[in-house]
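**Q** My questions are about this predicted structure, shown below with the sequence.
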Amino acid sequence: MRYVNPELTFKALADKMNPAVVYYLIRAIEALVHIEIRDEAGLIALRRKEGVGFIFNFWHGDMLLPICYLSRSHSREKKNVAKEKKNVQQRPYCGLVSMSQNGEYFNRVLEHLGWDTVRGSNLKGGIKALLQVKKRLLSGQDVVITPDGPQGPRREAKLGSLYLAKISGAPIIPVGVGTSRGYRTGSWDRLLLPAPFSRTLLVFGAPLQVDADLDRSKIDRKRQELTIRIDQTMERAAAGVGHLRSRPATSRP
């Protein structure tokens, strides 16, 4: 794994680049990087069974590739519906975005990609945001959360996704990201920038369910399980491309 200049943080990029430019950067990644999918969750069958949206969870530093793939898959779904002239509303993915300055910037990037967003985090606006996201999940809309955001600790899940799964009944889908060649920035999350023409793999792991009657004394154990589950999908994704290995949060360079 190569690391770029520590001064190259997401905030530094945000200070220099218009959100529209980042939008085209993401579109360039889509065009120049081959993304393979391993669906261990059985998402199509699971969607029929659950009848609600999914809560996709991946680490903050690995968000670019899943966002590229999900944006592309939604665009394809819209085109297929238009071709078949079906009267079906194709809901965009919903991203839970923090109220921070970086969050505002990233919110604008997601809007350029056609995503729906809800603003809030464990630091500010969390309860209101969870209730808004619950409503979207119950309508069948999928939600994307980076459970170690917005400020870390890196690769340690917080409770937001678990409370959301508890009150909505929606399953959490852990997502692992592996790439054969890439770079990580010096930001707190070690943001992954895949190299052009690299081979990448997204692993959608088995769903994690949270019982509605799970009490507060046991939810931290569930949080630890979520952290482990995401890390395990990361390891399988790294092994799948056979090159870059995922490092746990405690093994920072």
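**A** That came through fine.
**Q** what's the neighbour count on residue 101?
**A** Look at residue 101: counted by other C-beta atoms under 10 Å, it has 11 neighbours. Bear in mind the C-beta positions are built from the backbone N, C-alpha and C, glycine included.
**Q** Could you measure from residue 190 over to residue 182?
**A** Computed as C-beta to C-beta, to the nearest Å, the residue 190 to residue 182 distance reads 11 Å.
**Q** Residue 115 too?
**A** Distance from residue 115 to residue 182, counting by C-beta to C-beta: 23 Å.
**Q** now swap in residue 214 and tell me
**A** To residue 182, residue 214 is 37 Å away according to C-beta to C-beta.
**Q** Looking at these two, which is more packed in?
**A** Counted by other C-beta under 10 Å, residue 214 and residue 182 do not tie: residue 182 has more neighbours, with 20 against 16.
**Q** I'd say that one and residue 197 touch.
**A** No. Using C-beta atoms under 8 Å, residue 182 is not in contact with residue 197; the gap is 11.4 Å.
**Q** which ones are touching the residue sitting nearest the centre point of the chain?
**A** Ranked by distance to the mean C-alpha position of the chain (C-alpha atoms, centre = their mean), the top residue is residue 58 at 4.3 Å. By C-beta atoms under 8 Å, 6 or more residues apart in numbering, the residues touching residue 58 are 66, 144, 146, 174-177, 230.
**Q** Need those residues in a markdown table (columns: neighbour count, distance to residue 40 and pLDDT).
**A** As requested, the contacts of residue 58 are arranged in a markdown table below (neighbours: other C-beta atoms under 10 Å; distance: C-beta to C-beta, whole Å; pLDDT from 0 to 100):
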| residue | neighbour count | distance to residue 40 | pLDDT |
| --- | --- | --- | --- |
| 66 | 22 | 15 | 95 |
| 144 | 23 | 18 | 96 |
| 146 | 25 | 20 | 95 |
| 174 | 29 | 9 | 97 |
| 175 | 25 | 10 | 98 |
| 176 | 28 | 9 | 97 |
| 177 | 29 | 14 | 97 |
| 230 | 27 | 13 | 98 |
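**Q** From the chain's centroid, how far away is stretch 177-195?
**A** For stretch 177-195, the separation from the chain centroid amounts to 14 Å (computed by C-alpha atoms, centre = their mean, to the nearest Å).
**Q** CA atoms only for that stretch - export them in CSV, please.
**A** Output of stretch 177-195 as CSV, limited to C-alpha atoms (Å, rounded to 0.1, in the frame of the first residue of the first chain):
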residue,chain,number,x,y,z
VAL,A,177,-13.3,-3.1,-0.4
GLY,A,178,-10.2,-4.5,-2.0
THR,A,179,-8.0,-3.1,-4.8
SER,A,180,-4.9,-4.4,-6.5
ARG,A,181,-3.3,-1.0,-6.7
GLY,A,182,-4.0,2.3,-5.0
TYR,A,183,-3.0,5.0,-2.6
ARG,A,184,-4.1,6.2,0.8
THR,A,185,-4.1,9.9,1.8
GLY,A,186,-2.8,11.2,5.1
SER,A,187,-6.3,12.0,6.4
TRP,A,188,-7.6,10.4,9.7
ASP,A,189,-9.5,7.8,7.6
ARG,A,190,-6.6,7.0,5.2
LEU,A,191,-8.9,7.7,2.3
LEU,A,192,-8.4,5.1,-0.5
LEU,A,193,-7.7,6.3,-4.0
PRO,A,194,-7.7,3.4,-6.5
ALA,A,195,-5.1,3.5,-9.2
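**Q** So for that stretch, what gets flagged as buried?
**A** Buried residues in stretch 177-195, defined by neighbour count with 16 or more other C-beta atoms under 10 Å: 177-185, 187-194.
**Q** Among those residues, which ones are in strands?
**A** Those of the buried residues of stretch 177-195 mapping onto strands are 177-179, 182-184, 192-194, per DSSP state E.
**Q** List just the nearest of the residues you listed to residue 36.
**A** The closest of those to residue 36 turns out to be residue 178 (C-beta to C-beta; 9.2 Å).
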